[in-house]
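J.: Coordinates only, no sequence provided:
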């Protein structure tokens, strides 16, 4: 098959410049979601350069708020994220990356950063809906 | 059917107190995901009281960074989010809410805040995988 071209530098800068970097350290919040299963893998931050590099390379780049530097996801672990799609939200301060995750997204070795700790509140959605409609 | 009990106040405070409120205005980032379809609906922020109230009521509460106050999602629109599950991430500065969304999640009237603007970067995941393996 033919590989589709990635975003041009001009278009990538246009998109990067259109966002609202009002989160921590002048970033947008980035949510990485498995493009196949829909599982939310991690939440991180992106500065304008991270958005630009993600768009032109197709590999997820972030701004590391702990190390205070640009961070190519997978640069040490090899757990790269191939970005299938980048979406921006209604007020431009968050982006959603649909990714093909190589290996684990989480530094703990888990597939998702949200894997371990949770509180179950309500019945399954289908059962909840029947209850809401029945009530 | 029998309704399962929601989180007790003691347990809710334990969970709320365990998080790392290092995001904007002393919050954690909250990602709301449709519990049935997996669609990411919105990104918002939660302070400790929002986490507590979400856990004990089962209705998503956030900290509004624009209005600088607690915000029950749906309080004016009626577009409540029934929280099926609350997950916390590996370093405790983000939570994932799996919700049953009533009406639209976005203030623009769209189902998701990520509905409108996007950049398609790579082929569909299945095709991408075959390409990566073939190369």
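T.: Cool, the structure landed. In this text the structure is predicted, and so the values were computed from the model without any measurement.
J.: Now do the SS call for the residue in chain A positioned nearest to chain B.
T.: Here chain A gets closest to chain B at one residue, residue A:38, 2.9 Å apart by Cβ to the nearest Cβ. All C-beta atoms are positioned from the backbone trio N, CA, C, and that covers glycine. Classification of residue A:38 by DSSP: H, G, I helix; E, B strand; the rest coil places it in coil.
J.: how about the nearest residue to it, chain neighbours excluded?
T.: Once its chain neighbours are removed from consideration, residue A:38 has its nearest residue in residue B:38; the separation is 2.9 Å (Cβ to Cβ, 6 or more residues apart in numbering or on different chains).
J.: What is the neighbour count of the residue of chain A closest to chain B?
T.: Around residue A:38 sit 14 other residues, with neighbours defined as other Cβ atoms under 10 Å in any protein chain shown.
J.: Then residue A:25?
T.: For residue A:25, the tally of surrounding residues (other Cβ under 10 Å) stands at 11.
J.: Surely it and residue A:66 touch.
T.: No: Residue A:25 lies out of contact with residue A:66 (Cβ atoms under 8 Å); the separation is 10.5 Å.
J.: Retrieve the pLDDT associated with the residue of chain A closest to chain B.
T.: Reading off the per-residue confidence, residue A:38 sits at a pLDDT of 97.
J.: Please apply the same query to the one 4 residues further on.
T.: You'll see residue A:42 listed with a pLDDT of 98.
J.: hang on, the earlier thing: so the residue nearest to residue A:38 makes contact with residue A:34?
T.: No: with contact defined as Cβ under 8 Å, residue B:38 does not reach residue A:34; the gap is 9.0 Å.
J.: where do the strands sit along chain A?
T.: Residue ranges of the strands in chain A, as given by DSSP state E, are A:28-34, A:40-46, A:61-64, A:69-72, A:81-88, A:94-101, A:117-120.
J.: other SSEs contacting the fifth one?
T.: Which is strand A:81-88. Under the contact criterion of 3 or more Cβ pairs under 8 Å, 6 or more residues apart in numbering or on different chains; DSSP states H and E, strand A:81-88 touches helix A:48-57, strand A:94-101, strand B:117-120, helix B:125-134.
J.: Of those, which shows the lowest average pLDDT?
T.: Among the helices and strands packed on strand A:81-88, helix B:125-134 carries the lowest mean pLDDT, at a mean of 58.
J.: Contacts only, for the spatially most central residue of chain A.
T.: In chain A, the C-alpha closest to the average C-alpha coordinate belongs to residue A:32, at a distance of 2.4 Å (Cα atoms, centre = their mean). With Cβ atoms under 8 Å, 6 or more residues apart in numbering or on different chains as the criterion, the residues that contact residue A:32 are A:40-44, A:60, A:81, A:97, A:99, A:101, A:105.
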